[in-house]
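Asker: just coords:
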């Protein structure tokens, strides 16, 4: 539960000033599994199981993002964010889904974990939703409001619900 207290301190910095950046970086180093240099986070940030989230160098996370990783006993539920990644406001990233099944005539759900990876230099537009098992390729751009249900290759632009590649470069 340590991360709840640290996250509360981080989110109390809204809106952060430049002098808050060292504190934000210190909090991030104690929240996440790994955290690269020159991280910038604009609070508020909402996290489930941050000990399963890895952040690369020079990552920018805009305000009101939500990252839901699997718990520490499940290595499949990781979220890995590469170097020089920019994440727009209100982006949601999930590495866990609830898979329905029927047992004795009752509808039940089980947690299904699949890792999510955002490779180096990609940009995620605000309000996007990234689902479990997705890999966003190096230098890919995801348009605002996209729902990414399948992996996106490197060096392309993808938009929509469901997200589709519209340009490769």
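Answerer: Okay, I see it. Bear in mind the structure is a predicted one, so any value in this text is a computation, not a measurement. Numbers count the residues shown, from 1 in each chain.

Asker: beta partners for the residue lying closest to residue 76 once chain neighbours are set aside?
Answerer: Leaving aside its sequence neighbours, residue 76 sits nearest to residue 113 (CB to CB, 6 or more residues apart in numbering; 4.2 Å). Heads up, the C-betas are built off the backbone N, CA and C, glycines and all. Here residue 113 sits in beta bridges with residue 96, going by DSSP bridges.

Asker: could you double-check that residue 113 sits in contact with residue 68?
Answerer: No: under the criterion of CB atoms under 8 Å, residue 113 is not in contact with residue 68, lying 10.4 Å apart.

Asker: anything in contact with each of these two?
Answerer: 95-96 (CB atoms under 8 Å, 6 or more residues apart in numbering).

Asker: residue 139 reaches residue 153, doesn't it?
Answerer: No: the pair residue 139 and residue 153 does not pass the contact test of CB under 8 Å, sitting 10.1 Å apart.

Asker: quick one, helices of the chain?
Answerer: For the chain, helices defined by DSSP state H occupy the ranges 2-11, 21-31.

Asker: which stretch among these is buried most, on average?
Answerer: Stretch with highest mean neighbour count among the helices of the chain: helix 21-31 (a mean of 17; mean count of other CB atoms under 10 Å).

Asker: can you give the contact residues for that one?
Answerer: Helix 21-31 has contacts (CB under 8 Å, 6+ apart) with 2-3, 6-7, 9-10, 13, 16, 35, 39-41, 43, 47, 50, 55.

Asker: check stretch 87-94 too.
Answerer: 42, 59-68, 79, 81, 116, 118, 123-132, 144.

Asker: in stretch 138-145, what counts as buried?
Answerer: 138, 140-143, 145 (16 or more other CB atoms under 10 Å).

Asker: quick check: mean pLDDT across it?
Answerer: Taken as a whole, stretch 138-145 has an average pLDDT of 98.

Asker: repeat for stretch 26-43
Answerer: Mean pLDDT, stretch 26-43: 94.
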